[in-house]
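Q: Turn this into a model:
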Amino acid sequence: MRLALVVPYSLDQPGGVATHALGLARWLRREGHDATVIAPGTGNADLGVPVIRLGGSVALPFNGSVAHLALGPRQARRVAEAVRGFDVVHVHEPLTPGIGNAAARHAKSLVVTHHAAFAPSPLVASALRRRAASLPPRVTLAVSDAAAALVSTVTGTDPEVVPNAIAMPPAPAPRPTGRPVVAFLGRLGEPRKGYDTFVDIAGRVADADFVAIGPGGRGAHGVRELGALSDAAVADWLSTASVLVASNRFGESFGMVLIEALSHGAAVVASDLPAFRAVADHDDVAAFFPVGDAVTAATLVAQRLACPVDPAVAWGSVARFGWDVVGPRIVAAYRRAAQMRQPASPMS
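A: Modelled structure (predicted):
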């Protein structure tokens, strides 16, 4: 199949939705499908799949983060033209303003995936309902129960829950001897990621090296801030870490960072968020603390360092999130959407 994967967020900025779509496109191409990613962006880095970049974006604060969206009318026209000729158009976050919504409106065979989870105000809910009503018939997916609940609230439909996925690495080796590593992975300057809590934990746990991976460091005491790293370098650190701390505060619809850590053999100590519990549901590799409670979190980290997890057990706990498991479910959605294909209008 010729497949267009449309991402509303700029590829110039790191983000979970783009990471998911690019990973899906790579897996689809390995399976013999002709997959292309369409998104805002101005860079020219080789992402391993064909990419149509639609230019610059506008930074808009939302849900404790910043969304970089392409909102120009010219970009909307370009994406409407770009999705012509594909067998199926797969739009991520189709209710987000900009090219995602424009692409969804012009698709003849449409699959949509909803990622976000938040409590919309009446005004926002009304806007989302109007956008949803403007879309053609489609197959609707959501990455988590939390995201599905939002979709049900604003559209009245019950989407199929198909989780995010990763390219599972080989089963990890035992951790090296010496001082253990405790890691944080995320945007350090984004308050909802809870980096301040991680810094507080670092000051309460002795005999371990604390490292933070991600942009926005400020030189926090007791933490080695590594900045933004390549995917390969992140994997190397996660393969070394004994524990990953996910001290996020709110706004998470899926626990991708936990899956990444567990797949490389690290235990996780995480904020007690429903999205995190949904993916790390094995007590022998995951422990949870109340949001912002650095004292409890430090106790859990120390306990895990004193009794390390078996990396192979951590890896096996998230095998269900590999692309070889999740990908076929998305392809099945594509086949259902292709059967719903809308006839071309006289003006198309």
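Q: going forward, measure contacts and count neighbours with C-alpha atoms only.
A: Fine.
Q: what stretches of this structure score poorly on pLDDT?
A: For the chain, the stretches with pLDDT under 70 are 64, 342-348.
Q: Which helix runs longest in it?
A: Longest helix in the chain, counting residues (DSSP state H): helix 323-339.
Q: end to end, how far does stretch 217-237 reach?
A: 17 Å (CA to CA, to the nearest Å).
Q: from the chain's centre, how far out does that stretch sit?
A: Between the centre of stretch 217-237 and the centre of its chain there are 19 Å (CA atoms, centre = their mean, to the nearest Å).
Q: just stretch 328-343 next, same as before
A: Counting by CA atoms, centre = their mean, stretch 328-343 comes out at 23 Å from the chain centroid.
Q: Check this structure and tell me which residue is nearest its centre.
A: For the chain, G16 is the residue whose C-alpha lies nearest the centre (CA atoms, centre = their mean; 2.9 Å).
Q: Could I get the contacting residues of it?
A: Counting by CA atoms under 8 Å, 6 or more residues apart in numbering, G16 makes contact with M256.
Q: all helices of this structure, in order?
A: Per DSSP H, the chain carries helices over the ranges 16-30, 73-82, 99-106, 122-133, 145-155, 195-202, 231-240, 256-263, 274-279, 294-306, 311-316, 323-339.
Q: Next, format those as JSON lines and append distance to Y9.
A: Formatted as JSON lines, the helices of the chain follow (distance: least, CA to CA, whole Å):
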{"stretch": "helix 16-30", "distance to Y9": "7"}
{"stretch": "helix 73-82", "distance to Y9": "13"}
{"stretch": "helix 99-106", "distance to Y9": "9"}
{"stretch": "helix 122-133", "distance to Y9": "18"}
{"stretch": "helix 145-155", "distance to Y9": "17"}
{"stretch": "helix 195-202", "distance to Y9": "23"}
{"stretch": "helix 231-240", "distance to Y9": "19"}
{"stretch": "helix 256-263", "distance to Y9": "17"}
{"stretch": "helix 274-279", "distance to Y9": "21"}
{"stretch": "helix 294-306", "distance to Y9": "33"}
{"stretch": "helix 311-316", "distance to Y9": "30"}
{"stretch": "helix 323-339", "distance to Y9": "21"}
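Q: Select, out of those helices, the one closest to E225.
A: The closest of the helices of the chain to E225 is helix 195-202. By CA to CA, the value is 10.6 Å.
Q: and that closest one, what does it pack onto?
A: When contacts are defined as 3 or more CA pairs under 8 Å, 6 or more residues apart in numbering; DSSP states H and E, helix 195-202 packs onto helix 294-306.
Q: what is the orientation angle of the helix it packs on with helix 195-202?
A: 60 degrees (axes from the mean of the first three to the mean of the last three CA atoms, to 10 degrees).
Q: Any buried residues in helix 294-306, and which?
A: For helix 294-306, burial by neighbour count (16 or more other CA atoms under 10 Å) applies to A294, A297, A298, L300, V301, A302, R304, L305.
Q: for stretch 78-94, same thing?
A: 79-80, 82-84, 86-94.
Q: Next, report how far it is displaced from the centre of its chain.
A: So, by CA atoms, centre = their mean, the centroid of stretch 78-94 is 20 Å from its chain's centroid.
Q: Same check on stretch 104-116?
A: 17 Å.
Q: Between the two ends of that stretch, how far is it?
A: End-to-end for stretch 104-116, by CA to CA: 17 Å.
Q: do stretch 68-88 as well
A: Note: stretch 68-88 ends 25 Å apart using CA to CA.
Q: roughly how far out does it sit from the chain middle?
A: 22 Å.
Q: what's the answer for stretch 325-344, then?
A: Centroid displacement of stretch 325-344 relative to its chain, using CA atoms, centre = their mean, is 21 Å.
Q: got the buried residues for that stretch?
A: Neighbour-count burial for stretch 325-344 [16+ other CA under 10 Å]: V326, G327, I330, A333, Y334, R335, R336, A337, A338, M340, R341.
Q: For G214, find the nearest of the helices of the chain.
A: Nearest to G214, of these and by CA to CA, is helix 231-240 at 9.4 Å.
Q: And that closest one, what does it pack against?
A: Looks like helix 231-240 contacts helix 256-263 (3+ CA pairs under 8 Å, 6+ apart).
Q: before we move on, the earlier item: most widely separated two among the buried residues of stretch 325-344?
A: Using CA to CA, the buried residues of stretch 325-344 span at most 23.5 Å, a distance reached by V326 and R341.
Q: Now do the contacts for T19.
A: For T19, no contacting residues are found, by CA under 8 Å, 6+ apart.
Q: Can you report how many residues lie near N63?
A: For N63, the count of nearby residues is 15 (other CA atoms under 10 Å).
Q: So it is in contact with R249, correct?
A: No - with contact defined as CA atoms under 8 Å, N63 does not reach R249; the gap is 11.5 Å.
Q: on that earlier part again, let me know the angle separating the longest helix of the chain from helix 16-30.
A: Using the same axes, to 10 degrees: helix 323-339 against helix 16-30 is 90 degrees.
Q: Pull up the gap between the residue lying closest to M340 once chain neighbours are set aside and A149, please.
A: Leaving aside its chain neighbours, M340 sits nearest to S109 (6.4 Å; criterion: CA to CA, 6 or more residues apart in numbering). Using CA to CA, S109 is found at 24 Å from A149.
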